[in-house]
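Peer 1: Return atomic coordinates for the entry below.
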Amino acid sequence: MKINDYKYKAKRMKDGKIVRGMAEGPSKAIVDQFLFENGMRAIEIELHSSLIARLNRITLNKVVTERDLIFYIKQLSSLLRSGVKLNEACEILATQQTNKNIRRIYYGIYYEVNSGQSLSEAFKSFPREFPKLLISMVKVGEKTGDLDEILTETGDYFEQQYRLKSQIKSTLMLPLIYLVVAVGVAIFLMIGVLPQFEDLYGDADLPGVTMFFMDTGNFLRQNILIIIASLIAFIIGIRLIHKKYYKFQYAISSLAIRLPIFGELVKMNNLSRIAATLAQMLKNHVPLQDSIRTTYETLDNRVYRELLVDAQKNVNSGELMSTVFEHHYASEVVFTRMMGVGEKTGELGKMMQSLSDFYDEDSDIKIERLKKALEPLLLIFIYVMIVIMILAVMLPSLALSDTF
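Peer 2: The predicted model follows:
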């Protein structure tokens, strides 16, 4: 839904005072209704459009971040449990939001709900901001009359997934930081320090390691613009290929799972998400086929998406979905066996919840173990880089002193 800016002139009903201001809404009629509900009778409502306003609305990525979404869901469920009506709760959350772009979306939700739409339909108007899982769960809550409980459970689910994702990101950032620092120091050494030896020692024979860094530094200085342009072109090319070609996406996803050390993080993240999403939907009596379809939408890794497609085919043909995950490199024994037990006993939702709890508890241990495995490797890498750099700087001076 498109939210516009409107300038209004209205009479305040309690004292008859004329007030002017700006309001946001999808139409004049809804803005008029909004003013009336806030004790004002509209005299004039005009669409206001400016270049600055249009530029402010341009966003490249999602406006509502994961943290914003979790906070919104939890606050909404709390207000509903306190007896606040849905439209009033949506208005309160929109009013207290300080970010203009987010507030515009929240007001869009409020206007939809206040005009008679269901909350799930209101979320559908902003598909980029509100995931399909949330929409499906809200729809279930609306049908059963347990919207506040469903929102609480869904908020807990998103919070659990956000925590796990944050832990994994922090673990992956560690080697990246080490690498950036090491490369930065090496480039400074090659461009800022070693060229001085070239002028100092003239035609004297320099050690191989020093010559290597000096030649690399000279190459970087002479071709810096070409190197930067090539890197940018390479990154853009990879992104375009990844976006266009499914086989390339699948290959990258498969490689990510098979990577030493980091592959465990990828596997844990995806299996945990599959278990948590299926548990969340099945315990609220969403059909298995719909649960698998929604779980598919929550995943980015193509290998796991393919597994869920095959699992869907098995379910449609009356077979066990767990057989798809058996002996697959992207799965784990505990995941496959618990899923199989759940299917055979008719308690798949409970087993998926147990798996979700298991991964939630096990994630801290696994991530800490991976950090401990990474730290000595990274330290060795840094020490080797430092030794090589010291040799590159010190060896020419030692060689020169030997000649006297």
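
Peer 1: C-alpha only now, for contacts and for neighbours.
Peer 2: Noted.

Peer 1: need the next SSE after the worst-scoring helix or strand of the chain on mean pLDDT, C-terminal direction.
Peer 2: Averaged element by element with mean pLDDT, DSSP states H and E, the chain has its least confident helix or strand at helix 51-57 (a mean of 54). Moving toward the C-terminus from helix 51-57, the first helix or strand encountered (DSSP states H and E) is helix 66-81.

Peer 1: moving C-terminal of that following helix, what's the next helix or strand?
Peer 2: Tracing the chain C-terminally past helix 66-81 and defining elements by DSSP H and E, one meets helix 86-95 next.

Peer 1: So which other helices or strands are in contact with the very next helix or strand once past that next one?
Peer 2: Helices and strands here follow DSSP H and E; after helix 86-95, the next one along the chain is helix 100-114. Packed against helix 100-114 by the contact rule (3 or more C-alpha pairs under 8 Å, 6 or more residues apart in numbering; DSSP states H and E) you find strand 18-25, helix 86-95, helix 119-124.

Peer 1: now the angle from the second one to helix 66-81?
Peer 2: This points to helix 86-95. Helix 86-95 and helix 66-81 are oriented at 140 degrees to each other (axes from the mean of the first three to the mean of the last three C-alpha atoms, to 10 degrees).

Peer 1: pLDDT of helix 86-95, averaged?
Peer 2: Predicted confidence along helix 86-95 averages 87 (mean pLDDT).

Peer 1: Figure out the length between the terminal residues of stretch 258-265.
Peer 2: End-to-end distance for stretch 258-265: 10 Å, by C-alpha to C-alpha, to the nearest Å.

Peer 1: what does it contact?
Peer 2: Stretch 258-265 is touched from outside by 168, 172, 256, 257, 367, 370, 373, with contacts defined as C-alpha atoms under 8 Å, 6 or more residues apart in numbering.

Peer 1: and the angle from the host helix or strand of the second one to helix 86-95?
Peer 2: With elements taken from DSSP H and E, the one containing residue 172 is helix 147-188. Per the same axes, to 10 degrees, the angle that helix 147-188 makes with helix 86-95 is 20 degrees.

Peer 1: Just give me how far helix 147-188 sits from the chain centre.
Peer 2: 9 Å (C-alpha atoms, centre = their mean, to the nearest Å).

Peer 1: picking that back up, let me have the helices and strands packed on helix 100-114 in TSV, adding distance to residue 112 and mean neighbour count as columns.
Peer 2: Below are the helices and strands packed on helix 100-114 laid out as TSV (distance: least, C-alpha to C-alpha, whole Å; neighbours: other C-alpha atoms under 10 Å):
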stretch	distance to residue 112	mean neighbour count
strand 18-25	10	16
helix 86-95	9	19
helix 119-124	6	20
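
Peer 1: and residue 252, which of those is closest to it?
Peer 2: Within these, the stretch nearest residue 252 is helix 119-124; the backing value is 31.2 Å (C-alpha to C-alpha).

Peer 1: In terms of secondary structure, what does the closest one contact?
Peer 2: When contacts are defined as 3+ C-alpha pairs under 8 Å, 6+ apart, helix 119-124 packs onto helix 100-114, helix 132-144.

Peer 1: Name the surrounding residues that touch the last one.
Peer 2: With contacts defined as C-alpha under 8 Å, 6+ apart, helix 132-144 is touched by 118-121, 123-124, 147-151, 154, 281, 284, 286, 294-295, 297-298.

Peer 1: quick one: buried residues of it?
Peer 2: Neighbour counts over helix 132-144 (16 or more other C-alpha atoms under 10 Å) mark 132, 133, 134, 135, 136, 137, 138, 139, 140, 141, 142 as buried.

Peer 1: what's the offset of stretch 370-377 from the middle of its chain?
Peer 2: In terms of C-alpha atoms, centre = their mean, the centre of stretch 370-377 is found 25 Å from the chain centre.

Peer 1: Alpha carbons of that stretch, as CSV, please.
Peer 2: The C-alpha coordinates for stretch 370-377 follow below in CSV (Å, rounded to 0.1, in the frame of the first residue of the first chain):
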residue,chain,number,x,y,z
LEU,A,370,34.5,-23.4,16.7
LYS,A,371,35.9,-20.2,18.1
LYS,A,372,38.5,-22.2,20.1
ALA,A,373,39.4,-24.1,16.9
LEU,A,374,39.7,-20.9,14.9
GLU,A,375,41.8,-18.9,17.4
PRO,A,376,45.0,-21.0,17.2
LEU,A,377,44.8,-21.1,13.4
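
Peer 1: re the thing from before, now the buried members of the contacts of helix 132-144.
Peer 2: Applying a neighbour-count criterion of 16+ other C-alpha under 10 Å, the buried members of these are 118-120, 123-124, 147-151, 154, 281, 286, 294-295, 298.

Peer 1: Now do the domain split for the protein, please.
Peer 2: 4-57, 66-159, 266-360 (automatic domain parsing).

Peer 1: Buried ones only from the contacts of stretch 258-265, please, as a PyMOL command.
Peer 2: Only the buried members of those end up in this PyMOL selection, burial being decided by 16+ other C-alpha under 10 Å:
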select buried, resi 168+172+256+257+367+370
